[in-house]
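In: Fold the following and give me the result.
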Amino acid sequence: MKRSNWIGTVGGIQLTNAFLLFTFSIYLAVAAYPVVAFFQERNVMIAYIANVAVFVVLGVLALVCWWGLGKEELWGWWLALCANAVICVLLTLDSLSLGLRETYFQPATIALLSTAGVVLLLTPAVRKLYSTRSSMQVVDL
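Out: Below you'll find the model as predicted:
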C-alpha cells in the first residue's frame with residue numbers, strides 16, 4: 001500500500017518529540033547541577049533527578065512510538081496515540097502550574113507537537129493504513 005505524506009509527517013513529529021525530550025532532559029540535568037550542589041538537600045536532589053528521569057522516560061517512549069509507526073504496526077499507532085496524549089496533558093499541566101510567564105519554550109513546543117501528533121494520527125488516511133494492517137494472532141502461528 002502506498003504511504004501518504006501524513007504518515008511520514010507523523011513519524012517526523014514522533015522523532016522530533018523524542019529529540020526534544022532528550023535535549024530538554026540534558027538541559028535540566030546541566031541546569032540543575034549548581035542548584036543541587038549549592039543546596040545539598042536530599043529533597044531538592046530527588047526532585048531534580050525525578051524530573052530529569054520523567055523526561056528521559058518520555059523520550060524513550062516517543063522513540064518506541066516512532067519505531068512502531070515506522071514498522072506500520074497497529075500497536076505502534078495505539079501507543080503513539082496514547083503517549084502523545086499523555087505527553088501533551090503532562091506538559092500542559094506542568095506549564096499551567098508554573099504560570100504562563102514561567103513556561104519554557106521547549107516543553108510548550110513538545111506539547112504542541114504532541115497535540116499535532118494526536119490530530120494527525122486520527123486523520124482518516126493514517127487510521128486507514130494502521131487499521132488495515134492485520135496483526136499476527138496466536139492462532140495464526
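
In: excluding its backbone neighbours, what's nearest the residue nearest the centre of the chain?
Out: With distances taken as Cα atoms, centre = their mean, the chain has A62 as the residue nearest its mean C-alpha position (4.3 Å). Computed as Cβ to Cβ, 6 or more residues apart in numbering, the closest residue to A62 that is not its neighbour in sequence is A18, at 3.8 Å. C-beta coordinates here come from the backbone N, C-alpha and C atoms, glycine included.

In: I'd assumed W66 was in contact with that neighbour.
Out: Yes - the pair A18 and W66 passes the contact test of Cβ atoms under 8 Å, sitting 6.2 Å apart.

In: show me what contacts the residue nearest to the centre of the chain?
Out: For A62, the residues meeting the contact criterion (Cβ atoms under 8 Å, 6 or more residues apart in numbering) are 14-15, 17-18, 21, 83, 87.

In: buried sites along the helix or strand that it is a member of?
Out: Taking DSSP states H and E as the definition, one finds A62 inside helix 42-70. By neighbour count, with 16 or more other Cβ atoms under 10 Å as the criterion, the buried positions of helix 42-70 are 48, 52, 55-56, 58-59, 61-69.
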